[in-house]
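Trainee: have a look at this prediction, sequence included:
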Amino acid sequence: MSKKSFLKELILFLVVVFTSFSDSYGQSELFTTDTIQFKNHIDSIKLEGSLTLPKGIENPNLVILITGSGAQNRDSEILGLKPFKELSDHLSSNGVAVFRFDERGVGNSEGNFAKATSFHLSTDVEAAFNYFSEGDYQFNAIGLLGHSEGGMIAPMIAARNPNVEFIVSLAGPGVPIVDLMVDQNAQVLRTNGMSEAGIQIVKENLGDIFRMYASDIPMEEKKDTIFTNVKRYYSLFDETDKSIIAPSADMYHLGLGMAFNQPWFKFFIGYDPTEDWKSVQCPVLALNGTKDIQVSSTMNLPAIEKNLSEGKNEDVTIMPLEGLNHLFQKCTICDVKEYTTIDHTFEQEVLEIIQKFISRQ
């Protein structure tokens with residue numbers, strides 16, 4: 001495996017980052033589209049997005065969409081697919097107002113995405129929420145819908161803002177992110193051909209390396225310990241599994257260092273959504289595909305349900321969706337590479353479940 005191809009694959013192992021900057025908008029016979037600019041006063045940046053309003057409905061419910069990892073435009077565009085535009089068009093054609101916006105530093109939004117953590121991004125979403133709560137538009141209820149990392153940001157906001165009236169979590173995490181990322185690495189490596197013995201090594205050792213990187217100990221003080229542990233970890237694999245994970249221990253160490261040099265990744269890997277979920281009191285719909293290898297349904301949905309129950313939230317709907325991947329597509333191979341071979345996201349059943357939940361709020 002070449003250095004270039006290894007680093008490309010490692011990014012998939014650590015976290016799939018979707019980045020795109022193109023967009024196109026149109027009108028519909030069933031809804032109108034307004035361009036909205038609002039300000040995050042905390043960081044003094046202006047952001048822009050699209051508000052779709054169903055025609056003929058006075059004071060509809062509004063949902064604000066929150067994208068997953070990586071710098072994304074308002075359509076959450078990935079390799080030609082536009083999942084948030086698909087979702088927005090369906091919801092606004094069926095009576096729900098939707099706001100989706102370019103993340104900071106993307107498209108027509110100001111700011112520097114490279115310096116932002118999930119917390120900074122949550123303040124952008126909350127600024128949008130405040131804009132519509134206090135502005136000229138009138139809505140019956142205003143809630144949040146987040147996909148993947150967005151499914152972590154939504155309860156983060158609702159935990160501190162009791163005015164959030166509902167949450168939809170799509171493939172959102174319910175366990176500490178370090179545990180989620182170990183599982184994600186194991187599942188992605190399995191689809192790349194790693195042996196079950198190798199998968200067990202990943203599950204037993206990678207979390208400790210992630211925790212060392214994410215700790216508050218200055219890098220200068222911990223770098224030798226980290227490198228020693230990375231080399232030990234790499235040495236545990238047989239030659240075939242080594243060829244899958246990295247060309248060498250040095251290259252694997254380099255790839256990890258590149259990831260943890262980003263403020264976003266260090267915050268993300270050290271985050272635990274447990275307490276935020278326990279604090280959420282609004283109605284919650286949590287969906288996850290059973291074939292999702294990035295955010296496991298069997299790991300995260302029970303954790304979300306348990307945390308909400310411990311927080312005494314009694315309006316909770318938890319739904320594993322059979323045969324769907326991370327993008328809520330019906331999949332066959334169900335690995336990351338298959339995403340681009342399917343010409344749509346969000347199977348019709350998913351769109352209908354989301355629409356019915358939001359409409360009843």
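Mentor: Yep, that arrived.

Trainee: contacts, neighbours, all on C-alpha from now
Mentor: OK.

Trainee: right, and Ile269 touches Ser215 too?
Mentor: No - at 9.9 Å, Ile269 does not count as touching Ser215 under the criterion of CA atoms under 8 Å.

Trainee: the more surrounded of these two?
Mentor: More neighbours surround Ile269 than the other of Ile269 and Ser215, with 22 against 13 (other CA atoms under 10 Å).

Trainee: quick one: contacts for that one?
Mentor: The neighbours of Ile269, taking CA atoms under 8 Å, 6 or more residues apart in numbering as the test, are Ile177, Val178, Met181, Phe210, Arg211, Ala214.

Trainee: of these, which pair is most distant in space?
Mentor: Met181 and Ala214 (12.6 Å; CA to CA).

Trainee: for these two, indicate the residue with more neighbours.
Mentor: Between Met181 and Ala214, counted using other CA under 10 Å, Met181 has the larger neighbour count: 22 against 19.

Trainee: for the helix or strand where the more buried one lies, list every residue counted as buried.
Mentor: Element membership for Met181 (DSSP states H and E) is helix 177-191. Under the neighbour-count criterion of 16 or more other CA atoms under 10 Å, helix 177-191 has 177-190 buried.

Trainee: what's that helix packed up against?
Mentor: helix 3-14, helix 196-214, helix 263-269 (3 or more CA pairs under 8 Å, 6 or more residues apart in numbering; DSSP states H and E).

Trainee: which helix or strand lies directly C-terminal to the second one?
Mentor: If I follow you right, that is helix 196-214. helix 219-235.

Trainee: which strands and helices sit next to that following helix?
Mentor: helix 196-214, helix 249-260.

Trainee: comparing those helices, which gets the lowest mean pLDDT score?
Mentor: In terms of average pLDDT, helix 249-260 trails the rest of these, at a mean of 89.

Trainee: between that helix and helix 219-235, how many degrees?
Mentor: When axes from the mean of the first three to the mean of the last three CA atoms, to 10 degrees is applied, the directions of helix 249-260 and helix 219-235 differ by 130 degrees.

Trainee: now helix 249-260 - C-alpha only, PDB.
Mentor: Below are the C-alpha coordinates for helix 249-260, written out as PDB (Å, rounded to 0.1, in the frame of the first residue of the first chain):
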ATOM      1  CA  ALA A 249       4.000   1.500  12.300                       C
ATOM      2  CA  ASP A 250       5.600   4.900  11.400                       C
ATOM      3  CA  MET A 251       2.900   5.500   8.800                       C
ATOM      4  CA  TYR A 252       0.100   4.600  11.100                       C
ATOM      5  CA  HIS A 253       1.500   6.900  13.800                       C
ATOM      6  CA  LEU A 254       1.800   9.700  11.200                       C
ATOM      7  CA  GLY A 255      -1.800   9.200  10.100                       C
ATOM      8  CA  LEU A 256      -3.100   9.400  13.700                       C
ATOM      9  CA  GLY A 257      -1.000  12.500  14.400                       C
ATOM     10  CA  MET A 258      -2.500  14.200  11.400                       C
ATOM     11  CA  ALA A 259      -6.000  13.500  12.600                       C
ATOM     12  CA  PHE A 260      -5.300  14.600  16.200                       C
END
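
Trainee: relative to helix 196-214, how tilted is it?
Mentor: Between helix 249-260 and helix 196-214, the angle comes out at 50 degrees (the same axes, to 10 degrees).

Trainee: what residues sit buried inside helix 249-260?
Mentor: Ala249, Met251, Tyr252, His253, Gly255, Leu256, Ala259, Phe260.

Trainee: now the residues you listed as a markdown table including distance to Gln355?
Mentor: What follows is these, written out as a markdown table (distance: CA to CA, whole Å):
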| residue | distance to Gln355 |
| --- | --- |
| Ala249 | 48 |
| Met251 | 46 |
| Tyr252 | 43 |
| His253 | 45 |
| Gly255 | 41 |
| Leu256 | 40 |
| Ala259 | 37 |
| Phe260 | 38 |
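
Trainee: closest to Lys356 out of those residues?
Mentor: For the buried residues of helix 249-260, the nearest to Lys356 is Ala259 (39.1 Å; CA to CA).

Trainee: hang on, that closest one packs against Phe265?
Mentor: Yes - here Ala259 reaches Phe265: they are 6.4 Å apart, a contact under CA under 8 Å.

Trainee: ok, so of the contacts of Ile269, who is nearest Gly151?
Mentor: Using CA to CA, those come closest to Gly151 at Ile177, 12.1 Å.

Trainee: residue contacts, the closest one?
Mentor: Ile177 makes contact with Phe268, Ile269, Gly270, Tyr271, Asp272, Pro273 under the criterion CA under 8 Å, 6+ apart.

Trainee: out of the residues you listed, which comes closest to Ile201?
Mentor: For these, the residue nearest Ile201 by CA to CA is Ile269; the value is 19.4 Å.

Trainee: and the pLDDT for that closest one?
Mentor: As predicted, Ile269 sits at a pLDDT of 93.

Trainee: with Ser24 instead?
Mentor: Looking at Ser24, its pLDDT is 36.

Trainee: with Ile42 instead?
Mentor: Note on Ile42: pLDDT of 96.

Trainee: one more: the one 10 residues further on?
Mentor: For Thr52, the pLDDT comes out at 98.

Trainee: residues in contact with it?
Mentor: Here Thr52 is in contact with Phe31, Thr32, Thr33, Asp34, Ser88, Asp89, Ser92, Ala97, Val98, Phe99 (CA under 8 Å, 6+ apart).

Trainee: could you rerun that using 6 Å?
Mentor: Under the criterion of CA atoms under 6 Å, 6 or more residues apart in numbering, the neighbours of Thr52 are Thr32, Thr33, Ala97, Val98.
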